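K.L.:
3D model of this:
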Amino acid sequence: AALWFVADYRATVLRPILVGEDEVRFRAGLRWDVTVPRDLIAAVGPEAPERGRDRLKLTVMGAPTRWVTLIEPVEALGPYGFRRRVRAIGVEPDDPAAFERALTPV
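P.N.:
Numbers count the residues shown, from 1 in each chain. Okay, here's the model as predicted:
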């Protein structure tokens, strides 16, 4: 178990969130991988959406500092082939203000 935790932590460092022109790819170590088309992003901010099964926290420890809320659910790919439909993604970016600017349409 300890080896898995170390591997997941290392993968978290090596697999950052990727912001592209058309999509954003959220990756959380060995746990989750979610690709979101930019036009599905409804809001980005510190407020957590309502509790529900369609929320996905991608933090290692602690609460997310930013939530990305989507217009419609997308599929998240998890470990061992698990799949889950999510409408809100919680992350903890290094620079929350820059993260919000990068995801907010011009």
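
K.L.:
so where's this structure shaky on pLDDT?
P.N.:
Counting by pLDDT under 70, the chain has low-confidence residues at 4, 7-15, 106.

K.L.:
the strands in it, which residues?
P.N.:
Using DSSP state E, the strands of the chain run over 18-19, 23-28, 32-37, 41-45, 55-57, 66-77, 83-91.

K.L.:
Strand partners (parallel or antiparallel) of the first one?
P.N.:
It refers to strand 18-19. Here strand 18-19 has these sheet partners by DSSP bridges: strand 23-28 (antiparallel).

K.L.:
Next, the angle strand 41-45 makes with the strand it pairs with.
P.N.:
50 degrees (axes from the mean of the first three to the mean of the last three Cα atoms, to 10 degrees).

K.L.:
Can you list the buried residues in strand 23-28?
P.N.:
For strand 23-28, burial by neighbour count (16 or more other Cβ atoms under 10 Å) applies to Val24, Phe26, Arg27, Ala28. Glycine gets a C-beta too; all of them are placed from N, C-alpha and C.

K.L.:
picking that back up, present the strands of the chain as a markdown table; the columns should include distance to Phe5.
P.N.:
Listed next are those as a markdown table, based on distance: least, Cβ to Cβ, whole Å:
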| stretch | distance to Phe5 |
| --- | --- |
| strand 18-19 | 24 |
| strand 23-28 | 13 |
| strand 32-37 | 16 |
| strand 41-45 | 29 |
| strand 55-57 | 17 |
| strand 66-77 | 20 |
| strand 83-91 | 20 |
